[in-house]
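> Quick one, structure for this:
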Amino acid sequence: MNHTHEAHPPGPDKGESKPGAGGPAMIEAIGLSKFYGIFAAAQDVNFTVRKGELVAFLGPNGAGKSTTMKMLTGYLAPSQGTARIAGHDMYTDRLAGSSRLGYLPENGPLYPDETPYSLLEFFADARGMEARRKKERIEAVIRLCALDSVIYRPISKLSKGFRQRVGMAHALLHEPDVLIMDEPTAGLDPNQIVEVRKTLLRIAQEKTILLSTHILQEVEAMARRVIMIFDGRLVYDGPTSDLLQKYHSLDQAFHSLTAAPAAVH
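Numbers count the residues shown, from 1 in each chain. So this is what the prediction gives:
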């Protein structure tokens, strides 16, 4: 299917019950759809994440989460609809939008022969940072992501938890306003998950975060709002507390909303 890039009106506003409802829109999915022939990987996805929100983006494998996140970041062109980051259309104005965005894909690529420090230097140079700012930003993300003890070790020798933190440091290097993270704790042990969670909570004090995860305990601990997708369509967008009140647990809510097609709640 050819790329039509049709804009759709956003979905209904859920009002002040959403955290961050009064802040500016930083992540906007407006009628986002991605078709492969007759298969819809994502269809008519609408939501807005506002400044200061940490929102969990949930759904089973194959539900359309990664496809939607790739469209939001500009890595994948939508078949229909519009993705905006900090007001920038990620199809027509991707460079400006990318300057405001940090993206951590699942199993994000890292150069194994590099050290975390040399990798961060490389990406800072690629972004055209002048020497003083480069030094300041590298030191800042090393502190924020707690990389001091491994900063000069080859990335190939690091645990998966440290590699995830290197990926986060890279995503944060240019001081983005928006972070989109796809399964940042996938495959980590419980101690590593706790460390990554602490890092995300520190980051969330200043950034807007859309976070995909399968670890529902993390959602309850960190996110006041949940967006859930199933079979390429949104099935829930609202406060985490409403899910807990209605279904008593996020596991039960997840099963109920993604076991069969459902209407948006």
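> ok, for Glu183, nearest residue in space, not its chain neighbours?
Glu106 (4.2 Å; C-beta to C-beta, 6 or more residues apart in numbering). (Glycine included, C-beta is placed from N, CA and C.)
> give me the number of residues near that neighbour?
By other C-beta atoms under 10 Å, 15 other residues sit near Glu106.
> Which pLDDT value does the model give it?
Glu106 is assigned 75 on the pLDDT scale.
> quick check, it in a helix?
No. Glu106: not assigned to a helix; according to DSSP: H, G, I helix; E, B strand; the rest coil it is coil.
> for it, what are its contacts?
66, 182-183, 186, 212 (C-beta atoms under 8 Å, 6 or more residues apart in numbering).
> Of these, keep whichever come out buried.
By neighbour count, with 16 or more other C-beta atoms under 10 Å, the contacts of Glu106 hold 66, 182-183, 212 as buried.
> which of the contacts of Glu106 sit farthest apart?
Ser66 and Ala186 (11.5 Å; C-beta to C-beta).
> one step back: and which of the buried ones among the contacts of Glu106 is nearest to Leu257?
Ser212 (15.7 Å).
> And for Ala62, the neighbour number?
Ala isn't right for residue 62; it's Gly. As a burial measure, Gly62 scores 12 neighbours (other C-beta under 10 Å).
> For stretch 114-125, C-alpha coordinates in PDB please.
Only the C-alpha atoms of stretch 114-125 are listed here, as PDB (Å, rounded to 0.1, in the frame of the first residue of the first chain):
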ATOM      1  CA  GLU A 114      33.700   0.100  21.800                       C
ATOM      2  CA  THR A 115      33.700   1.200  25.500                       C
ATOM      3  CA  PRO A 116      30.700   3.100  26.800                       C
ATOM      4  CA  TYR A 117      32.800   6.300  26.900                       C
ATOM      5  CA  SER A 118      34.100   5.900  23.300                       C
ATOM      6  CA  LEU A 119      30.600   5.100  22.100                       C
ATOM      7  CA  LEU A 120      29.100   8.200  23.700                       C
ATOM      8  CA  GLU A 121      32.000  10.300  22.200                       C
ATOM      9  CA  PHE A 122      31.200   8.900  18.800                       C
ATOM     10  CA  PHE A 123      27.500   9.700  19.000                       C
ATOM     11  CA  ALA A 124      28.200  13.200  20.400                       C
ATOM     12  CA  ASP A 125      30.500  13.900  17.500                       C
END
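> which SSE is Leu68 in?
For the record, residue 68 is Thr, not Leu. Thr68 belongs to helix 65-73 when assigned by DSSP states H and E.
> C-terminal to that helix, what's the next element?
Per DSSP H and E, the helix or strand that comes after helix 65-73 is strand 80-85.
> show me where the stretch 151-265 of the chain has helices.
Under the criterion DSSP state H, counting those that start in this stretch, the stretch 151-265 of the chain carries helices at the ranges 160-172, 190-204, 216-222, 240-247, 250-258.
> Now do the shortest one: which elements does it pack against?
Meaning helix 216-222. strand 54-58, helix 190-204, helix 240-247, helix 250-258 (3 or more C-beta pairs under 8 Å, 6 or more residues apart in numbering; DSSP states H and E).
> Give the rounded mean pLDDT of it.
On average, helix 216-222 scores 88.
> now the last one
For helix 250-258, mean pLDDT is 94.
> List the buried residues in that helix.
Taking 16+ other C-beta under 10 Å as the criterion, helix 250-258 shows 250, 253-254, 257-258 as buried.
> can you list the domain ranges for the chain.
1-100+179-265, 109-175 (automatic domain parsing).
> Excluding chain neighbours, what is closest to Phe162?
Nearest to Phe162 is Val150, by C-beta to C-beta, 6+ apart, at 5.3 Å.
> whoops, Ile27 was the one
Val49 (3.9 Å).
> Now do stretch 203-210: distance from first to last residue.
End-to-end distance for stretch 203-210: 12 Å, by C-alpha to C-alpha, to the nearest Å.
> Sounds good, over and out.
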